[in-house]
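A.B. asks: Just the structure for this:
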Amino acid sequence: MAYADQQMSGNKIVAIVIVAIIHVALGYALITGLAYDAVKKVVERVTTVDVSEPPPPPDEPPPPPPKEAAPPPPVAPPPPISISVAPPPIQTVQTIPPKAPPAVIIPPPAPVAAPAPPPPPPKRANPVPKGNPGRWVSNDDYPSRAIREEAQGTVRFTLTVGPDGRVSGCSVTGSSGNATLDDTACRLLRQRARFDPKLDSAGNPTTGTWSSSFRWQLQN
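C.D. replies: Residues are numbered from 1 along each chain as shown. From the prediction side, this is the model:
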């Protein structure tokens, strides 16, 4: 084989180089006067070199089977390309605004009439009796002394009424002819008579007077 031939030719080259060295050594020995025996022993040793062919190299192992090529990776299909059509250009139409209507002239509001003046405060020139004055004094109140004396007659009187509507004074303006009948009439009127008092110009209660009369009369 080619490898064995190369190794054999290399050994021959080595043997030739050794032989050349031996010859040079022999010549040097002869020149220097070395002993013949020594040279002879060297020559014998050198000449007895056994040049044997090396054993043939072992057989090379068979090459490995070729690897199966891996299948190519699956190729994904490219995504679909969507081509969007540009919308048509928007055309702006300028609209002319309508003419503004004529301004409405609002007349100013009519002046507000001045409020009516408040009514004048109530006026009461004289006190006003509450209830029936005929029940304030009656013949049931006839004093026993006047009955014994058989006294009777008409008593005229004037009452002074305060802001609270109560009688604050009684004066006899016309006597009945009997003091007992006059005094009894005024006493009962001061106790029983009640009034709405007199009002001044501002409507405030004030003192006033009220006049009337009562007749005392015995029953037959």
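A.B. asks: Downstream of the helix or strand bottoming out on mean pLDDT in the chain, the next helix or strand is which one?
C.D. replies: Least confident helix or strand of the chain, by mean pLDDT, DSSP states H and E, is helix 36-47 with a mean of 53. Using DSSP states H and E, the next helix or strand after helix 36-47 towards the C-terminus is strand 128-129.
A.B. asks: can you list the domains in the protein?
C.D. replies: Domains of the chain are assigned by automatic domain parsing as 2-47, 128-216.
A.B. asks: burial measure for Pro127, as a count.
C.D. replies: 26 (other CB atoms under 10 Å). For every residue, glycine as well, the C-beta is placed using N, CA and C.
A.B. asks: next one: phi and psi at it?
C.D. replies: Dihedral pair for Pro127: phi -60, psi 150, per degrees, to the nearest 10.
A.B. asks: residues near Val161, how many?
C.D. replies: Around Val161 there are 26 other residues, counting by other CB under 10 Å.
A.B. asks: Report pLDDT for Pro62.
C.D. replies: Per-residue pLDDT puts Pro62 at 69.
A.B. asks: swap that for Tyr3, please
C.D. replies: 47.
A.B. asks: repeat for Pro89
C.D. replies: For Pro89, the predicted pLDDT is 71.
A.B. asks: Based on its surroundings, how many neighbours for it?
C.D. replies: Count around Pro89 with other CB under 10 Å applied: 6.
A.B. asks: Ok, Trp216 next?
C.D. replies: Using other CB under 10 Å, Trp216 has 25 other residues around it.
A.B. asks: gap between it and Glu149?
C.D. replies: Plainly put, Trp216 is 11 Å away from Glu149 if you go by CB to CB, to the nearest Å.
A.B. asks: between those two, what contacts are shared?
C.D. replies: By CB atoms under 8 Å, 6 or more residues apart in numbering, Trp216 and Glu149 have these common neighbours: Asn178.
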